[in-house]
Structure formats: C-alpha cells, structure tokens
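Novice: Give me the fold of what follows.
(one chain, ligands or ions: 3)
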Amino acid sequence: MLLCIDCGNTNTVFSVWDGESFVVTLRTSTEHQRTADQYFVWFSTLLRHNGLETDITDVIISSTVPRVVFNLRVFADRYFGTRPIVVGRPDCLLPTQPRVDGGTQVGPDRLVNSAGAYDRHGGDLIVVDFGTATTFDVVAEDGAYVGGVIAPGVNTSLEALHQNAAALPHVDVTRPQAVIGTNTVACMQSGIFWGYIGLVRGICERIKGEYDKSMRIIGTGGLAPLFSSGDVLFDTIEDDLTMHGLLVIHRYNKENT
Ligand SMILES: Nc1ncnc2c1ncn2[C@@H]1O[C@H](COP(=O)(O)OP(=O)(O)OP(=O)(O)O)[C@@H](O)[C@H]1O
Ligand SMILES: CC(C)(CO)[C@@H](O)C(=O)NCCC(=O)O
Ligand SMILES: [K+]
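Specialist: Numbering: from 1, shown residues only. Ligands and ions are numbered 1, 2, ... in the order given. Got it, this is the predicted structure:
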C-alpha cells in the first residue's frame, strides 16, 4: 500500500491508498519538532482505531516545510523499510516540467495539485487552493505548471487582523447573514467572506484575460465549499485533489524509473 503525505504550513495529511481507493485520511498539525517515532505512535493508533491492517510498502511526500522532511524520511525508513519519493527533489520525476523563471522553487503542493488536476481534467486550468496561502496554479494545455498567484490565506488574514488590531477578536470564517455587519465579529466575517469571493473572482478573471484560451477553474482545500456557497467561483470542487496528485506522481515515478 502507498502512504501519501501532504505537509502544509498549517496541517499535515496522511492518506493510505490500497490500490483502489484511499482507505483512511488522517490530519495533524505541522510541527517540525515531531520525530519519526511520534509520527508512528499517532499513525498506528489511529489505524488501529479505524480497524485497519495496512501494509505500507511505498511512501510519497509533498512538503511546503523543508525541515519536516528529515523526520518523515526516518519514519518511512524505520517503520516501513522504504525510501520515500519527495516531490520537488531532483530524483522525483514530474509528468511535465514546470515552465517558470529560472531558480524558482515552486511549492511542491502546487506541482502536485497541477498534476492531479491535469490527470482528471486535461489542461488549461486554474487550480485554486485555500490553505495557509490561497494559491492559484495555472496548468497549461500539456499539463505543465506555468505560474499563478499567491495570496494570503483566509485564516492567515483573520489571524493577522486579530494580531494587529487591539480591539479585533479571533474569529472563525463563516458565511455572514448580511454584507453590512452590525457587530464587530459580523463585520470581520463579512470582510473575509465577501473579500475572498471578490479576490478569487477578480484574480481568475484577470488570469483568463491574460491566457489565450478558455479555462476551467478547479477549487480545492477545506474552505472551497464555503466560498462557493456565496458565488459561482468554480467549475468543480475536489477535496482530494492533492492526494490524487500524489498518486499520479507516484505512479509516474514507478513507471519511469
Ligand atoms: N467551514 C469551515 N470553517 C472554518 N474552517 C474550516 C471550514 N471547513 C474547513 N475548515 C478548515 O480548513 C482546513 C483545511 O484546510 P486545508 O487542508 O485545505 O489547508 P490548511 O491545512 O489550512 O493549510 P496548509 O495545507 O497550508 O497546511 C482545516 O483546518 C479545517 O478546519
Ligand atoms: C505558497 C505555499 C505556501 C502554499 O502552500 C507553498 O506552495 C510554497 O511555499 N510555495 C513556494 C513558492 C512558490 O510556489 O512559488
Ligand atoms: K493544502
């Protein structure tokens, strides 16, 4: 079985592929101090809790946090006796090479999203991912990542407001009743909710204006459904896009090395 690990700046997601489907998906916060042994205690406990017997033979990792990769490598080696494929490292092949400015280290999550989206939808896409940052990845006709946009993440923005303004509390993102808020929390929720809808809409329109062909927009990340409840932003929403991309890249490496 294949263990896919998607390590973001906020959360790390483990998902096990049994050859036909993802049988379990587990989420933990990203902490670079976490050791290989700590990962295993958490992982094996939850597998047992889910009544799963898994035999992990392969591991693939995408990490936007370089320093967690060391302990994840030790985890794969010590507990599964396997050398993981790490997206973005020179020995990990990609189905298509990104076309960006020389020296740019594209976030591995964006390469993975691009590969996953291309496999499902073909090219000429915008992939919008609501994570720590809100990213827009442009996928060309041949599946290459050719650039995009990095905007502040929804929770990152809310946290910055709270940190920088003495009278603004911590609030969770939600769809507000009205645009005109009649209390502080409602005002903040309106700013974030309608602000991000405007941001996503505006950036996608501008990307489409710059691109010479029609494009489809794929939304992913935990908050995509919430934002699409306020406006038609996406042609499709896929919550498993990153995991699917890891699967695609793993398969490509197995077939070509
Ligand atoms: N309605 C909601 N309100 C608030 N948070 C939500 C809601 N739906 C999902 N979430 C949150 O979205 C997050 C899932 O986000 P996702 O995995 O896409 O990115 P992330 O973990 O926040 O960022 P990164 O991948 O950069 O670490 C979870 O932390 C989840 O709690
Ligand atoms: C933008 C984030 C933080 C989104 O997770 C990640 O993809 C990243 O660290 N990217 C590196 C810079 C780039 O993608 O161009
Ligand atoms: K993510």
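Novice: Identify the neighbouring strands of the host helix or strand of residue 3 in the sheet and state each direction.
Specialist: Using DSSP states H and E, residue 3 sits in strand 2-7. Strand 2-7 has its sheet partners listed here by DSSP bridges as strand 11-17 (antiparallel), strand 58-63 (parallel).
Novice: Can you redo these as JSON lines, where the extra columns are distance to residue 245, mean neighbour count and mean pLDDT?
Specialist: Yep, even glycine has a C-beta here, placed from its N, CA and C like the rest. Formatted as JSON lines, the strands paired with strand 2-7 follow (distance: least, Cβ to Cβ, whole Å; neighbours: other Cβ atoms under 10 Å; pLDDT from 0 to 100):
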{"stretch": "strand 11-17", "distance to residue 245": "12", "mean neighbour count": "20", "mean pLDDT": "98"}
{"stretch": "strand 58-63", "distance to residue 245": "8", "mean neighbour count": "24", "mean pLDDT": "98"}
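Novice: Of the ones you listed, which is nearest ligand 2?
Specialist: Ligand 2 lies closest to strand 58-63 among the strands paired with strand 2-7, at 9.4 Å (Cβ to the nearest ligand atom).
Novice: and that closest one, how far out from the chain's middle?
Specialist: 13 Å (Cα atoms, centre = their mean, to the nearest Å).
Novice: continuing past that strand, what's the next helix or strand?
Specialist: helix 69-80.
Novice: Let me see the domain layout of the protein.
Specialist: 2-86, 122-239 (the TED database).
Novice: So for the longest one, mean pLDDT?
Specialist: It stands for domain 122-239. Averaging pLDDT along domain 122-239 gives 98.
Novice: Let me know the distance separating the residue of the chain positioned farthest from its centre from ligand 3.
Specialist: The C-alpha centroid of the chain is most remote from residue 182, which lies 34.3 Å away (Cα atoms, centre = their mean). With distances taken as Cβ to the ion, to the nearest Å, residue 182 is found 34 Å from ligand 3.
Novice: And what about that residue, helix, strand or coil?
Specialist: coil (DSSP: H, G, I helix; E, B strand; the rest coil).
Novice: From residue 142, how far off is it?
Specialist: 51 Å (Cβ to Cβ, to the nearest Å).
Novice: same check, this time on residue 80
Specialist: 34 Å.
Novice: what about these two, which has more around it?
Specialist: Comparing residue 80 with residue 142 by other Cβ atoms under 10 Å, the one with more neighbours is residue 80, at 18 against 14.
Novice: give me every residue that touches the more buried one.
Specialist: 3, 56, 57, 59 (Cβ atoms under 8 Å, 6 or more residues apart in numbering).
Novice: Over to residue 180?
Specialist: Per Cβ under 8 Å, 6+ apart, neighbours of residue 180: residue 190.
Novice: roughly how far out does the host helix or strand of residue 111 sit from the chain middle?
Specialist: Assigned by DSSP H and E, residue 111 falls within helix 108-121. Centroid displacement of helix 108-121 relative to its chain, using Cα atoms, centre = their mean, is 10 Å.
Novice: For the residue in the chain that ligand 2 sits nearest to, give me the pLDDT.
Specialist: Here the residue of the chain nearest ligand 2 is residue 107; by Cβ to the nearest ligand atom that distance is 1.9 Å. Confidence at residue 107, expressed as pLDDT, is 98.
Novice: Spatially nearest residue to it, not counting backbone neighbours?
Specialist: Leaving aside its sequence neighbours, residue 107 sits nearest to residue 64 (Cβ to Cβ, 6 or more residues apart in numbering; 5.3 Å).
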